[in-house]
Each structure stands twice: as C-alpha cells, then as structure tokens.
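# Model the following, please.
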Amino acid sequence: MAHDGAADEANTAPLLASKTEKPRRNMYAFGCATLASMTTILMGYNLALMSGAQLFIREDLGLTDEQVEVLAGSMNVYMLVSILAAGWTADLLGRRGTLVLANGFLMAGALAMSLGGSYAALMAARFVTSIGVGFALVVAPVYNAEISPASVRGVLSSLLDIFVNVGILLSYVSNYALAGLPVHIGWRVMYAIGVLPPVFLAAGVLCMPESPRWLAMRGRQADARAVLVRTSDTAAEAELRLEEIKRVVEAPQDAGVGVWRELIFQPSAMVRRILVCVVGLNFLQQAAGIDAILLYGPLVFKKAGMSSSHAILGATIAIGVVKTCFILVVSFFSDRVGRRPLLMASSGGVAVSLAALALTLCVGEPSPVSAAACVTFVLASVAAFSVGFGSLPSTVSAEIMPLRLRAQGASLGMAVNRLTCGLVSMSFISLSAWITMPGCFFLYAGLAATACVFVFVRLPETRGRSLEDMDALFSK
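Have a look, this model is predicted:
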C-alpha cells in the first residue's frame, strides 16, 4: 500500500508541477515581450516630442513653417531605409541582435538632436534616430508574435503599442515640464533625456532569448525547443509549436524564387490575399490622420480658440493620457473579442469623432465653448483609434505572414505605414492652407470609414490560431 501510495504521488507530482509552472512560463513570455516592446517607448518619445518642441525650435533657430513641417514628418520617410532593411537584418543578426542595434542608433540620434545647431544638423539627427526607430518598429512585433503562445499572443503583441503610447505621453509631459526653461536650452534638454535609456534597454534585450522560429530557421532545434518550453502554456504545446515550426521551415520552396520575388513579383493567391490585408491595414491606419493630431494638436487647439501656450500643452498631455489608457482595451479584449470587431469599432469611432471635430472647427467663431468641444472630439478620436487601429495592424501583419516571408512582409507593411504617416505629417500645414483645417479632418474621417469597410470585407478573424495555421486560413 505504501508503495502504491508513493507511485500515486509520483504520478500526481508532474501534474501539480505542470499547473504550478504554467504561470511562470507565461510570465517569462510576458517579460520577454515587455523588454522587446520597451524600445518603442523611445520611438513614441522622439516622434511626438516635436509637437511641443517645434514651438521652441522655431523661435531658437528661426525655422519657417515649411521647415518645421518637413522636420516633424521627415523621420517617417527616413525610416523607410531601416524598415526595408529590417527583414534582412533580423534574419541575419537575429531578432534580438537587431533590437540591440536599434537602441544604439536611438542613443546616437538623441545625442545628435540635443546638440544640433542648424536645420541641416537637426535633419541629419532625425535620420540617425529614424534608423533605430525603423528597426524597432519592424522587429519588435515580429519577436513578440514569435515568442508568444497563441492563447495570449494578442495581449503580448499589444505591449508594443502600449509602450509607444507611454513614450508619446512622456514626450508631452516633457514639453509641459520644460517649457519654462530658456528657449535655447529647453528643447535640447527634452531630447537629451532620450540618450541614456537605450543603453539600459540594450542590456535588457541581451538578457532575453532569441526567437524560437529564428533559431529553428538556423537549424538550432534544441535551442528553439528550450525557448518554447519556457514560453508555452504547457510542455505539450511547446512540442506542438516546435513541430509546426519545423514543418514550415522544412517545407519545399519554389526553386529560384527569392523572398521578395515570392512576396511581390510572383505571389501565390494566398500570399496576394495576405499582402492586400497587410498593406491595406498599414496604409489606412495612418491615412486616417492620427499623426496630424499627435504632431499638430497645438495648432488645432489654437484654431479652436485656445490662446495660452500653458493650456495648449496641458491639452496635449490629456491626449497622451487618453491614448495610453485606452490602448489597454486591446490588451484585455483582443484575445477575447477578436481582432475584427475591435478594428471595425475603432475605425468607425474615429470616423465619427473626426467628422464631429471638422464640424466644430467650421461652425461659428473660436470661443471657449468651441475650444472645449474641439478638445473633447480630439480626445474621442484618439480613444477610438487606440482601442483597435492603434496597435492591431502590426499585430495582425506579424500574425498572418508565412514564416518564410514574415520579416520581409512586416518590413513592407511598416514601410507603407511610415510612408503614409510621413505624407500626412509633412503635408498637414500645407493641406490646411489649401482645403482648410476642417476639410482635412473631413478627409481623414472618410478614410477612417473606408478602413471599417475594408476590415469587414477583407480581413478574416485570426484570434486563437497558431501562426503556422494562417496559410490554411488565407488559402480558402
């Protein structure tokens, strides 16, 4: 009897251990995704800092409206270089090595920006920063998607946008807190704050494991299995994920057809459907004009009747707070509700809010009432954007691309995203002078409504599916 009891205890022990280890493994995956995503704090900080810093840079260096417009949006265009190279770099150096490289460029760019003494120097500094931002923007979502078990992939992938929004909020707080410094010092301190964090983030990235899918692509099956065991919900799931990855890696490819040729020039029907979704989502995310609000919020508030710089910068902090808080909705619901419902609700809400903002700006004279209404509709559009379209396009893009095309496909989608963002941010002032500011927001509202229809017609639900199962989903 004693022997039988011992045997029962031995048989039961692994089950109990398995139950106890499950949270540990999930927390490990959460920690890895968090470290990878934190690099994008610096992206959000550097992109949105220009919103308030431009007021002081313009006065200190005597820049024109056109120069400010180009300086504010140039980073999104510069980013195309590193975005298009990110897939090749991530396959060569690994996801982790590319993130370390990204932090190196971010540190150098922040230092160069804080020391810049002319328009040309600032443009060069923006280029250096853009290299790091582009690498992080492409590789972090790919790493998060590849390290995460299917049950929580939406939650962990949404960390990317959470940290982007934290960076945006910190930039607005920096604008507000340092606005009282002398003009020639304040904006330089704002950028100098971004010099040290990349050093610590790079050290943290070196402590996390490489992507199991990259390891499998390099033939390092034992290392891939070790990472999967630590990041899966169960040991059985780890083995299943490894088998799926091996099946995809070992699948025969068409001879002589390179990745870019298969992706763009000779895509199969399945790849074509996936590519339409990736490019469409990334284009419409930025075409709806969110960066016009993030970068030129102070100009919008002035147009509505706000005259105090203190009040205007305070209102931009409210934008950052709302954007950061509402992005948590994606974390809680993307794996429960699904990607499609959140994307459709988000784009529909943006369309309604921007249309209301446009009506507010074109009806009546600027007044405290119109200013309050303007702030309300700006915050509503930011909230609606954040609950779906803010982070899910990058998550879905990383999910649906086949493994052999994933890094380059994510690069292509992000290139479209950043190019569209650059066009919006570099044209807002000029476009406002041409079709008026209300006309701009009516245009953005129409594009947001188009995004809602696009998701309904073209995008299947990906919630709960393994990454290797996406081929079957898009083959239908």
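# can you count the residues close to S367?
Applying other C-beta atoms under 10 Å, we find 11 residues neighbouring S367. The way it works is simple: take the backbone N, C-alpha and C, and place the C-beta from them, glycine included.
# any idea how far it is from S309?
According to C-beta to C-beta, to the nearest Å, S367 stands 19 Å off from S309.
# burial measure for H184, as a count.
13.
# elements contacting the helix or strand hosting it?
Taking DSSP states H and E as the criterion, the element that holds H184 is helix 183-192. Judged by 3 or more C-beta pairs under 8 Å, 6 or more residues apart in numbering; DSSP states H and E, helix 183-192 is in contact with helix 2-61, helix 65-115, helix 153-177.
# most tightly surrounded among those helices?
Of all the helices and strands packed on helix 183-192, helix 153-177 has the most neighbours on average by mean count of other C-beta atoms under 10 Å, namely a mean of 25.
# show me what contacts the spatially most central residue of the chain?
The centroid of the chain falls nearest to D161 when counting by C-alpha atoms, centre = their mean (4.7 Å). Contacts here follow C-beta atoms under 8 Å, 6 or more residues apart in numbering; on that basis D161 touches T40, I327, V330, S386, G390, S391, S394.
# What is the burial count for the second one?
Right, the one you point to is I327. 25.
# count of neighbours near the residue nearest to it when sequence neighbours are not counted?
Leaving aside its chain neighbours, I327 sits nearest to S386 (4.6 Å; criterion: C-beta to C-beta, 6 or more residues apart in numbering). Neighbours of S386 under the rule other C-beta under 10 Å: 26.
# In contact with S386, which residues are there?
By C-beta under 8 Å, 6+ apart, the neighbours of S386 are D161, N165, V322, K323, T324, F326, I327, V329, V330, S346.
# Could you report the neighbour count for E461?
12.
# May I see the buried residues of the host helix or strand of F377?
Applying DSSP H and E as the criterion places F377 in helix 368-386. Buried residues in helix 368-386, counting neighbours by 16 or more other C-beta atoms under 10 Å, are found at 370-371, 373-375, 377-386.
# Out of these, which is nearest to G422?
Proximity of the buried residues of helix 368-386 to G422 (C-beta to C-beta) peaks at F385, which lies at 18.1 Å.
# Does that closest one touch V350 like I think?
Yes. With contacts counted by C-beta atoms under 8 Å, F385 reaches V350, the gap being 5.1 Å.
# Need the overlap of contacts for the two.
By C-beta under 8 Å, 6+ apart, the residues touching both F385 and V350 are A288, I290.
# Contacts only, for M123.
V70, L71, S74.
# so how far is G116 from it?
9 Å.
# now for the contacts of S386, which pair is the farthest apart?
Most distant of the contacts of S386, by C-beta to C-beta, are T324 and S346, 15.7 Å apart.
# More neighbours: which of these two?
Shown here are T324 and S346; by other C-beta under 10 Å, S346 has more neighbours (29 against 22).
# relative to helix 153-177, how tilted is the strand or helix carrying the more buried one?
Applying DSSP H and E as the criterion places S346 in helix 339-362. Using axes from the mean of the first three to the mean of the last three C-alpha atoms, to 10 degrees, the inter-axis angle of helix 339-362 relative to helix 153-177 is 30 degrees.
# Output helix 339-362 as PDB - backbone C-alpha positions only.
Extracted in PDB, the C-alpha atoms of helix 339-362 (Å, rounded to 0.1, in the frame of the first residue of the first chain):
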ATOM      1  CA  ARG A 339      -9.300  41.400 -34.000                       C
ATOM      2  CA  ARG A 340     -12.100  42.100 -36.500                       C
ATOM      3  CA  PRO A 341     -14.700  43.600 -34.000                       C
ATOM      4  CA  LEU A 342     -12.100  45.800 -32.400                       C
ATOM      5  CA  LEU A 343     -10.800  47.100 -35.700                       C
ATOM      6  CA  MET A 344     -14.200  47.900 -37.000                       C
ATOM      7  CA  ALA A 345     -15.400  49.600 -33.800                       C
ATOM      8  CA  SER A 346     -12.200  51.600 -33.700                       C
ATOM      9  CA  SER A 347     -12.200  52.800 -37.300                       C
ATOM     10  CA  GLY A 348     -15.900  53.600 -37.100                       C
ATOM     11  CA  GLY A 349     -15.400  55.600 -33.900                       C
ATOM     12  CA  VAL A 350     -12.500  57.600 -35.500                       C
ATOM     13  CA  ALA A 351     -14.700  58.400 -38.500                       C
ATOM     14  CA  VAL A 352     -17.500  59.800 -36.300                       C
ATOM     15  CA  SER A 353     -15.200  61.700 -34.000                       C
ATOM     16  CA  LEU A 354     -13.100  63.400 -36.800                       C
ATOM     17  CA  ALA A 355     -16.300  64.400 -38.600                       C
ATOM     18  CA  ALA A 356     -17.600  66.000 -35.400                       C
ATOM     19  CA  LEU A 357     -14.200  67.800 -34.900                       C
ATOM     20  CA  ALA A 358     -14.400  69.100 -38.500                       C
ATOM     21  CA  LEU A 359     -17.900  70.400 -38.000                       C
ATOM     22  CA  THR A 360     -16.800  72.100 -34.700                       C
ATOM     23  CA  LEU A 361     -13.900  73.900 -36.400                       C
ATOM     24  CA  CYS A 362     -16.000  75.200 -39.300                       C
END
